[in-house]
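> A structural model of the following input is requested.
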Amino acid sequence: MKLTKTETCIKKNSPFCFSETCDRCKDPFKHQLTKLYLEFLNAQLMPKLNKKTIEYAEWWIFKPESTLAKFIQNNQLDLNLYFRPSELIALIEHIANKENRYDRGNYNIMFLPEELKQCFNVSTVYLPELYNHCLPHVNFVNDSKSFFLKNELIESELYIESPLDIIYTDPSSKFWIPRQLIHPFVSDDNQLIFTWKELCTKFLKLITNPHNSITQTEGNMFFINDDSILAKLFNFKQFHKNQIPDILKKTTKFLGKTNTILSLCSDLKFSHIGPNDPVVYWIEELILKSNNVIPYTPSSIYL
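Sure thing, here's the model as predicted:
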C-alpha cells in the first residue's frame, strides 16, 4: 500500500470537489456525512500523515567497517538492519541515562565510554550534534527502499482516534443491542441489529409504551418507575428525550458499515484511486479500529 498516494490524492483534490449544489447534497445524510469525512481527513488524518511522512523519511544502514555498528552488536542493543537516525541516537542517549554519563547540571553533554570514544574520536559529545557524529558510520538508504520502510512504519504505527460521528451518522452502520432493551416483552420480532436511526426510533417507541412503566413527565422528561424492566438496568430514575443517543451508545455494539469515502457518493471521484483501492480501505480501517463501540477482536487467535 502506498500511503503517499493517499496524501497526493487528498492534496490534489481537496476539498474533494465538495459543492453545496452537487447532486449528492440532495440527501441530507450524505451531505452531513461527506462533511464529516472532510473534517476527519483535513483536521486529523492529513496533519498526522504529513508529520509521520517527514519524521520517517530518512533511513540509515551501517557501513560494513563501522566501529559503531560493532559497538551496537557487542552490547546486544536492539537495532534493525535499516533504522532511522532518531533510533540510533536514542540508543546512545539510553547509555548516557543508564550509566549516568551526563555532565552534572548540563544534560546536553555526555561523557563517552571508551568504546564510543574510539567510534567518535572525542571524549565528550554535545547531544544535539550526535547526528553529525554518527554520519561517518552509516550509509543513506536509497529512495525506493526508504519509501517502502516509511510506508510500512506509518501503516503499523499511525494512530488516529476514531471519528465516532462518522460511524453514528453513516446510514450503512449496523448496531447490536441486548434484547431486553428493545424487546422487553414477549414478541415475534427477534431483530436485534439496526441502523442508528432505527435504534433511536425503536427505543423512543419502547419508552413511550404505556405497558413499560415509564412515565413521560414535563416536556420531554421521562421517569422510570420501580416496576419497569429498565429500572434494574439503569442507575438513574429520570432522563431527557435528547439523552436517548447517550443511553444507546452505552448499551450497543457497532458491527460495521458498508459505505466508504468513495462509495458514499457517485459524484466523488479521483483519477488517482478507485473505489476498491487498498488506500480507501486503509482509511476506513483507521476510522473503525480505534474505538470502544466495536467488539474486541484479538490480533492473533489461539484455540
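> quick one, helices of this structure?
3-13, 28-40, 46-55, 67-74, 85-98, 114-120, 130-134, 143-157, 164-169, 196-207, 244-249, 278-289 (DSSP state H).
> Low-confidence bits of this structure, can you list those?
1-29, 184-189, 265-271, 275, 291-292, 294-303 (pLDDT under 70).
> Am I right that residue 196 is in contact with residue 173?
Yes - between residue 196 and residue 173 there is a contact at 6.0 Å, judged by Cβ atoms under 8 Å. In this view, the C-beta of every residue, glycine as well, is placed from N, C-alpha and C.
> picking up where we left off before, nearest to residue 257, of the helices of the chain?
helix 164-169 (6.9 Å; Cβ to Cβ).
> export the closest one as CSV, just CAs?
Only the C-alpha atoms of helix 164-169 are listed here, as CSV (Å, rounded to 0.1, in the frame of the first residue of the first chain):
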residue,chain,number,x,y,z
LEU,A,164,-17.4,8.3,16.1
ASP,A,165,-19.6,10.9,14.5
ILE,A,166,-18.9,9.2,11.1
ILE,A,167,-19.9,5.8,12.5
TYR,A,168,-23.1,7.1,14.0
THR,A,169,-24.1,9.3,11.1
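> residues in contact with that helix?
29, 32-33, 36-37, 40, 173, 196, 245, 249, 254, 257, 287-288, 291, 293 (Cβ atoms under 8 Å, 6 or more residues apart in numbering).
> distance between it and the chain's centre?
Averaging C-alpha positions (Cα atoms, centre = their mean, to the nearest Å) puts helix 164-169 14 Å from its chain's average.
> That one: which residues count as buried?
Residues 166, 167, 168, 169 are the ones in helix 164-169 that count as buried (16 or more other Cβ atoms under 10 Å).
> what's the burial count for residue 213?
15 (other Cβ atoms under 10 Å).
> Per the annotation, how does this protein divide into domains?
What automatic domain parsing lists as the domains of the chain is 3-57+150-171+257-289, 60-140, 174-254.
> Return the residues in contact with the most centrally placed residue in the chain.
Nearest residue to the geometric centre of the chain (Cα atoms, centre = their mean): residue 160, 2.6 Å. The neighbours of residue 160, taking Cβ under 8 Å, 6+ apart as the test, are 44, 45, 48, 286, 290.
> Look up phi and psi at it.
phi -130, psi 130 (degrees, to the nearest 10).
> I figured residue 240 was touching residue 217, is that so?
No - look at residue 240 against residue 217 with Cβ under 8 Å: they stay out of range, at 10.3 Å.
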